[in-house]
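Novice: quick one, fold the following:
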Amino acid sequence: MKNKIPVAVLAATGSVGQRFISLLENHPWFEVVEITASDRSVGKTYQEACHWLITDPMPESVKNLTLLPTEANSLQKSVFAFSALPADIAKNVEPDFARKGIYVCSNASAYRKDPLVPILVPEVNANHLDILDIQQKTYGWSGGIITNPNCTTCAFVVPLNAIDKAYGVQKAIVFSMQAISGAGYPGVASMDIIDNVIPYIGGEEEKVEYEPTKIMGSYQDGKISLHPMVISAHTNRVAVVDAHTICLSFSTNQKVSKDNIISVLKNYQMPEICIGLPSCPDRGIVYHEADNRPQPRLDRNLGRGMSTSVGRIREDSIFDFRMVSLSHNTIMGAAGGSIFNGELLARRKFGF
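Specialist: Numbers count the residues shown, from 1 in each chain. All right, here's what the predicted structure looks like:
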């Protein structure tokens, strides 16, 4: 594509910011032209300020970019901004970028509960992007804010939505085993996580209980209505580097067999609106037959880190069914999900 959309990465030196930089290298639609960081790094080149954590090398195209303050007035070229900002900073500055006319694709949680800001997962609720017009009119800005969900929500919402579309989901209980990369860098101290499971991640359970109800909710007459299902969540940090594993039990509205549930997951097709987007995986859901799958080390990179792996479908003695779901928390669950959202926005708004 001849003319790429110029984009910025906000908080580019952090672990999620680095993942944005890595995934945007040679992107067919987007070109990173501006990057921001905290005050201690402003004025340095990316190469000077960034302690690079990704296994792929730092892209040559960004090494000599100068880090700018994370302020709307600092950006002079960008149409989109991919935000890896902490929630407390995002809450204060992301609206400034939207007022300036920049579309913010945010990994932060600051605006996920705003009724006019979608929590977007393109393969689930692409139509929620329509609320952006109302967001702009209501808040008086020419840009906008769209968010992607918490990385734990990402690990199960696609298969749960597929089941809901087929048979309805009433309630679910979710147990997470979350990778240490979800805590950022340097993350959890080694003496705390080695030989251990930490059964508390601040604010996580509340996000996992709320976010799927908004993502899977209906959009009508300019309003996102929450899905009526009820979710109970238990979140845990485990000694895995990347990928969140979710064990969940759920009840359906219709009385169906285990084979019906397996068929929905095995035959899942990506929605047409997603086909052709650069980050779209060939298979949105990968169903595993083996009793011991999915596993983080074996399955997190399927679909270039953008597929959800599912297995161990079986009947449940309290709920109707139970299963195991997994996705890459810093790709699909963070930077990759935001870029996927940006691609959908680019298609809808700019005809890409």
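Novice: tell me, how many residues neighbour residue 144?
Specialist: 26 (other C-beta atoms under 10 Å). Every C-beta, even on glycine, is put in place using the N, C-alpha and C of the backbone.
Novice: ditto for residue 210
Specialist: For residue 210, the tally of surrounding residues (other C-beta under 10 Å) stands at 19.
Novice: contacts only, for it.
Specialist: Counting by C-beta atoms under 8 Å, 6 or more residues apart in numbering, residue 210 touches 112-113.
Novice: so what's it scoring on pLDDT?
Specialist: As predicted, residue 210 sits at a pLDDT of 98.
Novice: now residue 351
Specialist: For residue 351, pLDDT reads 87.
Novice: neighbours of it, how many?
Specialist: The tally of other residues near residue 351 (other C-beta under 10 Å) stands at 6.
Novice: please tell me how far it sits from residue 338.
Specialist: 21 Å (C-beta to C-beta, to the nearest Å).
Novice: and residue 236, by the same measure?
Specialist: The gap separating residue 236 from residue 338 is 25 Å, by C-beta to C-beta.
Novice: neighbour-wise, which of these two wins?
Specialist: The neighbour comparison of residue 236 against residue 338 (other C-beta under 10 Å) goes to residue 338, with 28 against 15.
Novice: and the gap between the more buried one and residue 7?
Specialist: The separation that residue 338 has from residue 7, given C-beta to C-beta, amounts to 11 Å.
Novice: give me the common contacts of these two.
Specialist: Going by C-beta under 8 Å, 6+ apart, residues that sit against residue 338 and also against residue 7 are residue 82.
Novice: for this structure, which helix is longest?
Specialist: Ranked by residue count under DSSP state H, the longest helix found in the chain is helix 336-350.
Novice: which residue ranges form the helices in the stretch 201-350 of the chain?
Specialist: 204-215, 258-266, 296-299, 336-350 (DSSP state H, counting those that start in this stretch).
Novice: show me what contacts residue 126?
Specialist: Applying C-beta under 8 Å, 6+ apart, we find residue 126 in contact with 120, 271, 273-274, 344.
Novice: out of the residues you listed, name the two that are farthest from one another.
Specialist: 120 and 271 (12.8 Å; C-beta to C-beta).
Novice: and these two? which has more neighbours close in?
Specialist: residue 120 (25 against 14).
Novice: and the gap between the nearest residue to the more buried one once chain neighbours are set aside and residue 80?
Specialist: Among residues not flanking residue 120 along the chain, residue 341 sits closest, at 4.7 Å (C-beta to C-beta, 6 or more residues apart in numbering). For residue 341, the distance to residue 80 equals 10 Å [C-beta to C-beta].
Novice: which neighbours do those two share?
Specialist: Shared contacts of residue 341 and residue 80 (C-beta under 8 Å, 6+ apart): residue 105.
Novice: can you pull out the strands in this protein?
Specialist: Secondary structure of the chain (DSSP state E): strands at 5-10, 30-37, 67-69, 80-83, 103-106, 144-147, 169-177, 218-220, 223-225, 230-234, 244-252, 285-288, 308-315, 321-327.
Novice: any idea which of these is most buried?
Specialist: Between the strands of the chain, strand 80-83 has the highest mean count of neighbours, a mean of 28, where neighbours are mean count of other C-beta atoms under 10 Å.
Novice: by contact count, what packs against that strand?
Specialist: strand 5-10, helix 87-99, strand 103-106, helix 336-350 (3 or more C-beta pairs under 8 Å, 6 or more residues apart in numbering; DSSP states H and E).
Novice: out of those, which is closest to residue 216?
Specialist: Closest approach to residue 216 among the helices and strands packed on strand 80-83 (C-beta to C-beta): helix 336-350, 15.7 Å.
Novice: next, the angle from the closest one to strand 5-10.
Specialist: Interaxial angle, helix 336-350 versus strand 5-10 (axes from the mean of the first three to the mean of the last three C-alpha atoms, to 10 degrees): 140 degrees.
Novice: roughly how far out does helix 336-350 sit from the chain middle?
Specialist: Offset of helix 336-350 from its chain centre (C-alpha atoms, centre = their mean, to the nearest Å): 12 Å.
Novice: just the CA coordinates for that helix, please, in PDB.
Specialist: The C-alpha coordinates for helix 336-350 follow below in PDB (Å, rounded to 0.1, in the frame of the first residue of the first chain):
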ATOM      1  CA  GLY A 336      -1.800  -7.000  18.900                       C
ATOM      2  CA  GLY A 337      -5.400  -6.500  19.900                       C
ATOM      3  CA  SER A 338      -5.000  -2.700  19.800                       C
ATOM      4  CA  ILE A 339      -3.400  -2.900  16.300                       C
ATOM      5  CA  PHE A 340      -6.200  -5.200  15.200                       C
ATOM      6  CA  ASN A 341      -8.700  -2.500  16.400                       C
ATOM      7  CA  GLY A 342      -6.800   0.200  14.600                       C
ATOM      8  CA  GLU A 343      -7.000  -1.900  11.400                       C
ATOM      9  CA  LEU A 344     -10.700  -2.200  11.700                       C
ATOM     10  CA  LEU A 345     -11.000   1.500  12.300                       C
ATOM     11  CA  ALA A 346      -8.700   2.200   9.300                       C
ATOM     12  CA  ARG A 347     -11.000   0.100   7.100                       C
ATOM     13  CA  ARG A 348     -14.200   1.700   8.400                       C
ATOM     14  CA  LYS A 349     -13.100   5.300   8.500                       C
ATOM     15  CA  PHE A 350     -10.500   5.500   5.700                       C
END
